[in-house]
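Chemist: what's the 3D shape of this:
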Amino acid sequence: MNSCFTPPVDQHRVELRQKLGIMARLEQRECIRIGRLPLHTELYATEDVNAPLLLFIPGIGTYSELYAELLSDLAGQGFNVVGVDLRGHGYSGGERGLYTVEQACGDISSIIDHYRDRFRGPIYLYGYSIGALLGLACAERDERIEKLVCGTLLVPEIAPDMLHQIGWSWIWSSALLMPGMQLPMKNFIDYDRLLAGHPAGEEINSDPLIVFDYPLRTLSSLFTHRVGSLSRRYGFKGLIIHGSEDEVLPLSYSERVQEWLQQPFELVAVDGEGHMLPWDNPARLTELITRWLQS
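Modeler: Numbers count the residues shown, from 1 in each chain. Alright, predicted model coming up:
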């Protein structure tokens, strides 16, 4: 079952949207729920049904409404853009924060099935942060995806350092015994630092729709996922965008990933930008993505 949907609004959401500067942007979107779960999607459409269909997978804990400025800007460049709320995230149904990589890939394919009835252009995918890992997994499984943009790309087989490797091993072993145990992400991610100086930082950090605590089952699926592109090539083209001042993963990590992958990926380093590029400088990011996708 598919249906239109109007997200509920309270005072916190009004303030969050105002400080993000997205009130006018949200008027451009069409919210569509897909399937029985349901999966929440946000469409920013052009008038051209033959224009490329660009799906967006948000970063960890977040959901597509928060990226309205970026998504509407991309639609303004001639793409039919669909923001995806992963199951258990944002306005989508499901247990909060709970999914596996396989489930996420199945959901993305179902969303493509739905929008393929409306749009006939080539299919592109843009995954940001942990969404890039999921985007790569989807592109390896779904041959309809012709181009993949990754806003940094975490490859579990290539740990950034020994501390990450030990942590991922602990998550995997603990998930065998306690898959439903909630792990507070604020113990690992300094959200205050990432959002320092952002006008909506306080509202984002108190947003009830953001997942701040993840079941070990979800994290274990992510950090034990095996990337096929390490050993073979696929039919899609890939791009990694990485800020030179990234606070989560250094640029040198993406350089190492690019070297190890058998699947060719172009790497673009963005001088002076950090991990939160979609919020900090959506105009610059839109320009980079558009230029590469249209090349």
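Chemist: As a check, name the ranges of all helices in the stretch 51-200 of the chain.
Modeler: Taking DSSP state H, counting those that start in this stretch as the criterion, the stretch 51-200 of the chain carries its helices at 68-76, 101-116, 130-141, 162-177, 191-194.
Chemist: can you list these in CSV and add distance to T286 and mean pLDDT?
Modeler: Any C-beta I mention is one placed from the backbone N, CA and C, and that applies to glycine too. Supplementary listing: those in CSV, determined by distance: least, Cβ to Cβ, whole Å; pLDDT from 0 to 100:
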stretch, distance to T286, mean pLDDT
helix 68-76, 4, 98
helix 101-116, 21, 98
helix 130-141, 17, 98
helix 162-177, 31, 94
helix 191-194, 21, 84
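Chemist: what comes up buried for stretch 277-294?
Modeler: Buried residues in stretch 277-294, counted by 16 or more other Cβ atoms under 10 Å: 277-282, 285-286, 288-290, 292-293.
Chemist: what does stretch 166-180 give?
Modeler: W168, I171, W172, A175.
Chemist: Give me the distance from it to the chain's centre.
Modeler: The offset between the C-alpha centroid of stretch 166-180 and the centroid of the whole chain comes to 23 Å, using Cα atoms, centre = their mean, to the nearest Å.
Chemist: Touching that stretch from outside, list them.
Modeler: Where contact means Cβ atoms under 8 Å, 6 or more residues apart in numbering, the residues beyond stretch 166-180 that reach it are P156, A159, M181, L183, F188, P215, L216, R217, L219, S220, F223, T224.
Chemist: one more time with 7 Å, if that's ok
Modeler: With Cβ atoms under 7 Å, 6 or more residues apart in numbering as the contact definition, stretch 166-180 has outside contacts at P156, A159, M181, P215, L216, R217, L219, S220, F223, T224.
Chemist: CA atoms only for it - export them in CSV, please.
Modeler: Output in CSV follows, covering the C-alpha atoms of stretch 166-180 (Å, rounded to 0.1, in the frame of the first residue of the first chain):
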residue,chain,number,x,y,z
ILE,A,166,38.5,-3.7,18.5
GLY,A,167,35.2,-1.9,18.9
TRP,A,168,33.6,-3.6,15.9
SER,A,169,34.7,-7.0,17.2
TRP,A,170,33.1,-6.2,20.6
ILE,A,171,29.9,-5.2,18.9
TRP,A,172,29.8,-8.4,16.8
SER,A,173,30.4,-10.7,19.8
SER,A,174,28.0,-8.8,22.1
ALA,A,175,25.3,-8.8,19.4
LEU,A,176,25.3,-12.6,19.5
LEU,A,177,24.2,-12.6,23.1
MET,A,178,22.3,-9.3,23.4
PRO,A,179,21.1,-8.3,19.9
GLY,A,180,18.5,-5.9,21.3
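Chemist: May I see the helices of the stretch 51-200 of the chain arranged in TSV, with distance to I34 as well?
Modeler: What follows is the helices of the stretch 51-200 of the chain, written out as TSV (distance: least, Cβ to Cβ, whole Å):
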stretch	distance to I34
helix 68-76	17
helix 101-116	5
helix 130-141	15
helix 162-177	28
helix 191-194	30
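Chemist: and among those, the most buried is which?
Modeler: Per-residue neighbour counts averaged over each of these give the maximum for helix 130-141, namely a mean of 24 (mean count of other Cβ atoms under 10 Å).
Chemist: wait, which of the contacts of stretch 166-180 is closest to E245?
Modeler: When these are compared for distance to E245 (Cβ to Cβ), A159 wins out at 21.5 Å.
Chemist: My guess is Q262 contacts R233. True?
Modeler: Yes. Assessed by Cβ atoms under 7 Å, Q262 is found in contact with R233 at 5.7 Å.
Chemist: For stretch 251-260, give the mean pLDDT please.
Modeler: Per-region confidence: stretch 251-260 scores 98 on mean pLDDT.
Chemist: Noted, bye for now.
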